[in-house]
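Student: With the sequence up front, the predicted model follows.
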Amino acid sequence: MISPRKRIWGWYFFDWASQPYNTLLLTFIFGPYFAQTATAALVADGMTAEAAKAQAQAYWGYGLTAAGIAIALLAPVLGAVADSSGRRLPWIWLFSTLYVIGAAGLWWTTPADFSVLRALFFFGLGLIGMEFATIFTNSYLPELDASKEERGRISGSGWAFGYLGGVIALIVMIGFFQAGDSGRTMIGLTPLFGLDPATGADTRIVGPLTALWFALFMIPFFLYIRDRPGPQKSPYRLGKGMRDLLQTLKGLPQHPSLLAYLGSSMFYRDALNGLYTFGGIYALGVLNWSIIDIGIFGIVAAISGAVFCWVGGRIDRRIGPMPVIVTCCILLILTSGLIISLTPTSVLGIGLADGSPVPDITFFVAGALIGAAGGVLQASSRNMLTHQANPERMTEAFGLYALSGKATSFIAPALIALASDLSGSQRMGITPVAGLFILGLILLAWVKPKGDFVT
């Protein structure tokens, strides 16, 4: 017999296990490495440094666009299939395998024979695995506690636990593997296992490290999480799943609060993903930070996220997710404007002396705000969905939630890529995120805090 406490902790461990894909790969280590390596290759082919930086950012955006389209098209279908079959664990095993293969494959991205397509293929494969595994694990949230009031606390605590895992993974990476200009890591060691910085091995190891971390820390999840007892059905009942999905889609206009929430979260989560995805690349190209600098920035942001997710979960329990979501969106709109205003010699249009530390300090503050508000926003958003969705079709609802998140998630990177291409400026390329936050905030006006379904 698995106790409720063990089930909750097993569920928490998915956040702990999966967070390094976001922290180490998407934002703070591999993303900047991709931009740095792609930029060097473009400069070697004759492009100017500024144009090469913008082009590398555009490549990254287009790669994420392709992965986002795949996720958007398949997420609601797979969620419906899982609900119709009553089985989610086989799907989690499948997508966990894709996560591990994709992350581990990033080892083969050496600067000497760097291939943009190969790097984006492996990264996209792992990202798809992570996103689909998340859909199925999120759908267990209503089963962890019968009380809707407690779900906000559980969701926030799980997200905080995940952020803590991201912090520790980052510390391990930049403390023992990632070399700085001196050839030593942040704590003064030579990279473990004799990894050669000249071949990028000290950075490329982030892929296998992320894969190993996930495989190890998913063990508690698989030990303590079980599907609901019921008739054993095939997990691949595509026909019934598709019929049920079509029925749900036809019924969405009868549930305007759910429809408005899916639309709202579509925009503000996409904007947040834009900040996460391009934050490290932005610091590398605009503020000329090193990857170790970006890693330290990531630790600050993740610690802020862990602390405020824990606090935010308790606020969510007290006042509900809606006020929390609105507050976080407003904070992130203001933070986006602050980031766009930054250059090495100015903040908010105010000129500074060359070498002034103010832009770097300001970006650290912005990172802490993004970590705090972004983490709380995501935790309260998945709790909000449990208030909005049909409790009998929760995995399908999280599939639609993923669809709503990915329906524009490929648009945001595409807009950033396009803005970067057209302006030739990384800084101006980030401007679309502010507009997406604003659209999401406006649509929240049509969302009922307790949803349309009576449970």
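Tutor: Good, I have the coordinates. Numbering: from 1, shown residues only.
Student: Look at the residue nearest the centre of the chain and report its pLDDT.
Tutor: By C-alpha atoms, centre = their mean, the chain has its centre lying nearest to N22, at 5.0 Å. N22 carries a pLDDT value of 85.
Student: Does it touch Y276 like I think?
Tutor: Yes - counting by C-beta atoms under 8 Å, Y276 is a contact partner of N22 at 6.5 Å. For every residue, glycine as well, the C-beta is placed using N, CA and C.
Student: Number of residues surrounding I303?
Tutor: 18 (other C-beta atoms under 10 Å).
Student: Who are the contact partners of the closest residue to it other than its chain neighbours?
Tutor: Spatially, and ignoring its direct neighbours in sequence, I303 is nearest to V167 (5.6 Å; C-beta to C-beta, 6 or more residues apart in numbering). By C-beta atoms under 8 Å, 6 or more residues apart in numbering, V167 lies in contact with 23, 299, 302-303, 306.
Student: Tell me how far the host helix or strand of V167 lies from the chain's centre.
Tutor: Applying DSSP states H and E as the criterion places V167 in helix 148-176. Remark: helix 148-176 is offset 13 Å from the chain centroid, using C-alpha atoms, centre = their mean, to the nearest Å.
Student: Can you give me the buried ones in that helix?
Tutor: The neighbour-count check on helix 148-176 (16 or more other C-beta atoms under 10 Å) flags 148, 151-176 as buried.
Student: now do stretch 267-274
Tutor: Applying 16+ other C-beta under 10 Å to stretch 267-274 flags 267-274 as buried.
Student: Helices - which of the residues you listed land there?
Tutor: 267-274 (DSSP state H).
Student: Show the average pLDDT along stretch 42-51.
Tutor: Mean predicted lDDT for stretch 42-51 stands at 84.
Student: Now do the end-to-end distance for it.
Tutor: 9 Å (C-alpha to C-alpha, to the nearest Å).
Student: If we go by neighbour counts, what in it is buried?
Tutor: In stretch 42-51, counting by 16+ other C-beta under 10 Å, buried: 42, 47.
Student: any idea whether W107 is helix, strand or coil?
Tutor: coil (DSSP: H, G, I helix; E, B strand; the rest coil).
Student: ok, now how distant is it from M173?
Tutor: Separation of W107 from M173 (C-beta to C-beta, to the nearest Å) stands at 14 Å.
Student: can you check T199 too?
Tutor: With C-beta to C-beta as the criterion, T199 and M173 are 17 Å apart.
Student: correct me, but I101 touches L127?
Tutor: No - contact criterion C-beta under 8 Å: I101 and L127 do not qualify, at 11.8 Å.
Student: which residue sits closest to the most far-flung residue of the chain relative to its centre in space, ignoring its chain neighbours?
Tutor: Going by C-alpha atoms, centre = their mean, the residue of the chain most distant from its centre is A353, 35.5 Å out. Nearest residue to A353, sequence neighbours excluded (C-beta to C-beta, 6+ apart): T345, at 7.5 Å.
Student: can I assume the one you found is in contact with L352?
Tutor: Yes - using C-beta under 8 Å as the test, T345 is close enough to L352 to be in contact (5.3 Å).
Student: who touches stretch 327-346?
Tutor: If you take C-beta under 8 Å, 6+ apart as the criterion, stretch 327-346 is touched by 268, 271-272, 275, 282, 286-288, 347-349, 351-354, 356, 359, 362-363, 366, 369-370, 373-374, 376-377, 380, 427-428, 430-431, 433-434, 437-438, 440-441, 444.
Student: Of these, which belong to strands?
Tutor: The strands, defined by DSSP state E, take in 347, 351 from those.
Student: And the contacts of stretch 327-346, which of them are buried?
Tutor: By 16+ other C-beta under 10 Å, the contacts of stretch 327-346 give 268, 271-272, 275, 282, 286-287, 347, 359, 362-363, 366, 369-370, 373-374, 376-377, 380, 427, 430-431, 433-434, 437-438, 440-441, 444 as buried.
Student: Could you check the helix or strand harbouring L212 and say which residues are buried?
Tutor: Under the criterion of DSSP H and E, L212 resides in helix 206-217. By neighbour count on 16+ other C-beta under 10 Å, the buried set for helix 206-217 is 206-207, 209-211, 213-215, 217.
Student: Could you export it as PDB, keeping only the C-alpha atoms?
Tutor: Provided in PDB are the C-alpha atoms of helix 206-217 (Å, rounded to 0.1, in the frame of the first residue of the first chain):
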ATOM      1  CA  VAL A 206      25.700  19.100 -19.700                       C
ATOM      2  CA  GLY A 207      23.700  16.800 -22.000                       C
ATOM      3  CA  PRO A 208      24.700  13.500 -20.500                       C
ATOM      4  CA  LEU A 209      24.600  15.000 -17.000                       C
ATOM      5  CA  THR A 210      21.000  16.100 -17.600                       C
ATOM      6  CA  ALA A 211      20.100  12.600 -18.900                       C
ATOM      7  CA  LEU A 212      21.700  10.900 -16.000                       C
ATOM      8  CA  TRP A 213      20.000  13.200 -13.500                       C
ATOM      9  CA  PHE A 214      16.600  12.500 -15.000                       C
ATOM     10  CA  ALA A 215      17.100   8.700 -15.100                       C
ATOM     11  CA  LEU A 216      18.200   8.600 -11.500                       C
ATOM     12  CA  PHE A 217      15.600  10.900  -9.900                       C
END
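Student: and after that helix, which helix or strand comes next?
Tutor: helix 219-224.
Student: Over that following helix, what's the mean pLDDT, rounded is fine.
Tutor: On average, helix 219-224 scores 94.
Student: Show me what it is in contact with.
Tutor: So helix 219-224 is contacted by 2, 6-7, 9-11, 13-14, 17, 89, 92-93, 137 (C-beta under 8 Å, 6+ apart).
Student: what angle do the one helix or strand T327 maps to and helix 148-176 make?
Tutor: Taking DSSP H and E as the criterion, T327 maps to helix 321-340. Going by axes from the mean of the first three to the mean of the last three C-alpha atoms, to 10 degrees, helix 321-340 is angled at 30 degrees with respect to helix 148-176.
Student: Render the CA-only coordinates of helix 321-340 in PDB, please.
Tutor: C-alpha atoms of helix 321-340 as PDB (Å, rounded to 0.1, in the frame of the first residue of the first chain):
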ATOM      1  CA  PRO A 321      -4.900  31.000  -8.100                       C
ATOM      2  CA  MET A 322      -6.500  33.900  -9.900                       C
ATOM      3  CA  PRO A 323      -5.100  36.800  -8.000                       C
ATOM      4  CA  VAL A 324      -1.700  35.100  -7.900                       C
ATOM      5  CA  ILE A 325      -1.700  34.700 -11.700                       C
ATOM      6  CA  VAL A 326      -2.700  38.400 -12.300                       C
ATOM      7  CA  THR A 327       0.000  39.700 -10.000                       C
ATOM      8  CA  CYS A 328       2.700  37.600 -11.600                       C
ATOM      9  CA  CYS A 329       1.700  38.700 -15.100                       C
ATOM     10  CA  ILE A 330       1.900  42.400 -14.200                       C
ATOM     11  CA  LEU A 331       5.400  41.800 -12.600                       C
ATOM     12  CA  LEU A 332       6.600  40.000 -15.700                       C
ATOM     13  CA  ILE A 333       5.400  42.800 -18.000                       C
ATOM     14  CA  LEU A 334       7.400  45.300 -16.100                       C
ATOM     15  CA  THR A 335      10.400  43.000 -15.900                       C
ATOM     16  CA  SER A 336      10.300  42.500 -19.700                       C
ATOM     17  CA  GLY A 337      10.400  46.200 -20.300                       C
ATOM     18  CA  LEU A 338      13.300  46.500 -17.900                       C
ATOM     19  CA  ILE A 339      15.300  43.800 -19.800                       C
ATOM     20  CA  ILE A 340      14.600  45.400 -23.200                       C
END
